[in-house]
Structure formats: C-alpha cells, structure tokens
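okay, structure incoming, though there's no sequence with it:
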C-alpha cells in the first residue's frame, strides 16, 4: 500500500511537471491564434506587444510565409500543423487535436454510425484474414465469419478481382454507390465460399446474447431489434447465459438492457460477461451498464467511478440506477472474460463489479495475448473540448485519473493481473468459439 502511494505521488509530480509544459505550449498556440486574427492592414494591434518572444517569432514566420513563400499555404494548413506539433511533442498518446472533419467523424463513430464492409482484418503476408466482424454490418449480414480469408471481390460474380490486398479491396469499395450490391469470395477452412454483400452505412451492434438453447444479436436501422441466430453456446449449463459487450459506444447501453431483459425472461441465474477486446468508450454508457452490477450497494445511484483531476478536483460518477436485485439472486455467479485489449471503461466496469461484490478476482478469466495475461491498464480519462463554435475543431485531453469506487484502486499502467487471483485460459484460435469454450470450462 505504501509502495503504491509512493508510486502515485511520483506519477503526480511528473504529471504536474508535464502539465506546466503543456499549459505553456497551449498558451503559445492560443495567443498565436489571437495575434494572427489581429493583423490589420499590414499592422498589428496591441496583442502583439504582450506576446512572448517565441510567439512573436512564430507570428513573424507566419507573416513572412504568407508574403514570400513560393507556394500558397492556407491558414488552416498552418494552424493544423501547429496543433499537430503540440499534440505529438507535448501531449500523451491519448490526447489529440481534431479538425472539424475529424471531430465530426469521431462523434458520429462514437454514436455507433459506421460505413464500409464492417470487418477487422489481419493484412500480413498480403492476405486479408478476418479477425473481427462488426455487429449489424454489411459483412455480418452477408455471412462473413471470423477466420475467413477474403480472396476476391467484384460488382458481379463474373467480374471478380482476385486479390488479398487491403488497398485493392478499399479502392474497389470506393467505386460503389451506397446500397450497391457486390460479390465477395472468401476461403473458409480451405474451401471457397461466394457471398453477396451491400455497401451501406449502418449502426453498429455491440452486444451478443447466447445460452445453450438460443442466441441473439441486434439488427435493424438502430441496431435495437433482437434477432435470433444460430450461435448457441452448448457449453453453458441451463442456469447460465453469456453476454459479449464489445464497446461502450452507440446504443450499447440500450442493447445491454434488452439482453438483460432476455436473461430474466429466460430464467437464468448466472452470467458470463465477455469483455475481451473491449477497449472502452464513453463513461456515461459504462455508468448505465454498471447499474446491473452494484450487488452490495444500497443507494439508488451508487458511485461506480471516481475521477481525480490534476487541479485537485474530485468527481464521482454514479450509476443510472441499481438493478442488481431485479436480475440476480444472492446465489448468482457472474464471471468475466478479459484480455490485454480490455481497457479503460471496460476495466472501470470490472472495478465496479469487484468493489460491489458482483464478481471476484477468482471469477475473472484472463486470456493471454503474446504470452501475457492481463488487462490493458488504462485508468485515465479524456475530455474533448470544442475550440471554436464557428470552425468546430476540438481538442481531446487527458484530464483525470480514474479510481474504483470503494477500494480507491487505480489500475493505470498496471491492469488486472493473474497475481490478483484471476484464472487463466489459453489463447486459442482453432475455431471461432474454441477460446471462449476453454475459458468457460476453466471457470465452471
């Protein structure tokens, strides 16, 4: 405990030192923007007189470039290079500047709005191995599966381009109109499979519900239509259901609530919550989902996370409710699957579950990646600020460390480890569910 306290103090001192440098850099940039706005008829207003020498040099440089450089450089190009330099040289890897276009795209993606085929690919060796199929995507609807190799594509089955290169596939998709049909050929266990897909925008599904008898995903315009599929999980016993939560974005909270309602209708008692590959997302969505797992809490809105800011401010984040007793009993068992891509809001949810007794370390199963069994270890929070209501650009900054609600544990730089008392199941890609089945057998 003392060692952890010392580590936190040392980190805080380094953060304060870095913050001083960051603050000065941002003052430079903001002052420069103000100064550049104040060029009038070749002269400067009194803003120029109060600037630091370094910023005056930057202003002079911008003015000289405008007058003398042999090619045109727009103000937007110049400013974005300045912002990008600050992001790259001074800020941590989670902080960044967004142009208006980038910010709009980030917001839309966070709301679950996606476009494209909807697959995650391993493109090594000039091959396209499907390692993830995104929920409610054109790929899922076409029948693409994890483990498939995309080997050909075309507008018709008779006009196929044979290629395993992602750049070729990307270029082909850009030639298609929205909702245009096209053909894909994949190899599955060495056998060719011909599929028909549509290029379309979609709202992503992040939640999957499975038992030993039924399996559901979410489809439709808003990815809120509970749709049966064939992916039953026969390894589960009659009292247990499985829910995979892929991210804390879009309609994940609503999807999770509908899955929990199905859990109750099915009369299930135990739950396997799969957070493998869940890199986090929005804290407010985590607050909604955490409402189902505050077992020992008596409050209507228990605290599920605490943020501690660099200026000393402390902020508590509460669950949107306290629903544990509606869905579980005192005898219920909740197990969690995680790996080193389980991060941020997902780790925060694990902390809430552990602190309120909904699960224990012994009921967490870690799957090693690259020989290491742990969660990612991201216990910091980012906040995005709109910089200009006119230009609509923004900056995302790391603003606080996140602590678990009761234990005051911060897992940043550490994660959840085997040493905490978790179980471990082997990494296994033999079939789509082989790793999952092994993990469930390890837990039950």
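Structure received. Every value quoted in this text rests on a predicted model; they were computed, and no experiment measured them.

all contacts plus neighbour counts: C-alpha atoms, from now on.
OK.

and the gap between the spatially closest residue to residue 417 that is not a sequence neighbour and residue 129?
With C-alpha to C-alpha, 6 or more residues apart in numbering as the criterion, residue 417 has its nearest non-adjacent residue at 4.8 Å, and that residue is residue 374. Applying C-alpha to C-alpha, to the nearest Å, the value for residue 374 to residue 129 is 25 Å.

for the chain, which spans come out with low pLDDT?
For the chain, applying pLDDT under 70 flags the ranges 1-51.

next, the buried residues of the top strand by length along it.
Secondary structure assigned by DSSP state E gives strand 394-403 as the longest strand of the chain. If you call a residue buried by 16 or more other C-alpha atoms under 10 Å, then strand 394-403 has these buried ones: 394, 395, 396, 397, 398, 399, 400, 401, 402, 403.

mind putting those into a markdown table with distance to residue 114?
Listed next are the buried residues of strand 394-403 as a markdown table, based on distance: C-alpha to C-alpha, whole Å:
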| residue | distance to residue 114 |
| --- | --- |
| 394 | 21 |
| 395 | 22 |
| 396 | 21 |
| 397 | 24 |
| 398 | 26 |
| 399 | 28 |
| 400 | 29 |
| 401 | 30 |
| 402 | 29 |
| 403 | 32 |
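
ok, now which ones touch the nearest residue to residue 372 once chain neighbours are set aside?
Using C-alpha to C-alpha, 6+ apart and skipping residues adjacent in sequence, the residue nearest residue 372 is residue 340, 7.7 Å away. Contact partners of residue 340, counting by C-alpha atoms under 8 Å, 6 or more residues apart in numbering, are 276, 277, 367, 368, 369, 372, 373, 374, 375, 376.

the third one contacts residue 427, doesn't it?
Yes. Counting by C-alpha atoms under 8 Å, residue 367 touches residue 427, with 5.8 Å between them.

compare the two (neighbour count), which wins?
Here residue 367 and residue 427 are compared on neighbour count by other C-alpha atoms under 10 Å; more neighbours surround residue 367, at 26 against 19.

all strands of the stretch 151-300 of the chain, in order?
161-162, 181-188, 191-198, 202-203, 207-210, 215-219, 225-228, 240-245, 270-274 (DSSP state E, counting those that start in this stretch).

nearest to residue 175, of the ones you listed?
Closest to residue 175 of those is strand 181-188 (C-alpha to C-alpha; 10.9 Å).

centre of the chain to stretch 286-297, how far?
Between the mean C-alpha point of stretch 286-297 and the mean C-alpha point of its chain there is a distance of 20 Å (C-alpha atoms, centre = their mean, to the nearest Å).

now do that stretch: distance from first to last residue.
From the first residue to the last, stretch 286-297 extends over 17 Å; the measure is C-alpha to C-alpha.

buried residues in it?
Residues of stretch 286-297 classed as buried: 286, 287, 288, 289, 290, 291, 292, 293, 294, 295, 296 (neighbour count, 16+ other C-alpha under 10 Å).

in helices only, show me those.
Using DSSP state H, the subset of the buried residues of stretch 286-297 located in helices is 286, 287, 288, 289, 290.

quick one: contacts for the last one?
This means residue 290. The contact partners of residue 290, by C-alpha under 8 Å, 6+ apart, come to 304, 319, 349, 352, 353.

which of the residues you listed sit farthest apart?
Spatial extent of the contacts of residue 290 (C-alpha to C-alpha) is set by the pair 319 and 353 at 12.0 Å.

burial count for the residue nearest to residue 417?
The burial metric for residue 374, expressed as a neighbour count using other C-alpha under 10 Å, is 24.

pop the domain breakdown of this protein in here.
For the chain, the domain assignment from automatic domain parsing gives the residue ranges 2-91, 116-198, 202-443.

if we can go back for a sec, list just the nearest of the buried residues of strand 394-403 to residue 89.
Using C-alpha to C-alpha as the measure, the one of the buried residues of strand 394-403 that approaches residue 89 most closely is residue 397, at 13.8 Å.

right, and the closest one touches residue 96 too?
Yes. Counting by C-alpha under 8 Å, residue 96 is a contact partner of residue 397 at 6.7 Å.

hey, what's the angle from the host helix or strand of residue 131 to strand 181-188? Just curious.
Assessed by DSSP states H and E, residue 131 sits inside strand 128-133. Angle, strand 128-133 to strand 181-188, by axes from the mean of the first three to the mean of the last three C-alpha atoms, to 10 degrees: 100 degrees.

so what strands line up beside strand 128-133?
Strand 128-133 has these partner strands in its sheet, going by DSSP bridges: strand 119-122 (antiparallel), strand 149-154 (antiparallel).

list the buried ones in the helix or strand following that strand?
Note on strand 128-133: by DSSP H and E, the next helix or strand toward the C-terminus is helix 138-142. With burial defined by 16+ other C-alpha under 10 Å, the residues of helix 138-142 counted as buried are 138, 139, 140, 141, 142.

and of these, the nearest to residue 345?
Sorting those by how near they are to residue 345, with C-alpha to C-alpha, puts residue 140 at the top with 25.7 Å.

tell me the spacing between the closest one and residue 321.
On the measure of C-alpha to C-alpha, residue 140 and residue 321 end up 33 Å apart.

what about stretch 377-388, start to end distance?
Using C-alpha to C-alpha, one end of stretch 377-388 lies 33 Å from the other.

now do stretch 360-377
Between the opening and closing residues of stretch 360-377 we find a distance of 18 Å, counting by C-alpha to C-alpha.

which residues are contacting that stretch?
Looking at stretch 360-377 with C-alpha under 8 Å, 6+ apart, the contacting residues turn out to be 334-344, 347, 353-354, 411-418, 420-427, 439, 442-443.

gap between it and the chain center?
How far stretch 360-377 lies from its chain's middle: 18 Å, per C-alpha atoms, centre = their mean.
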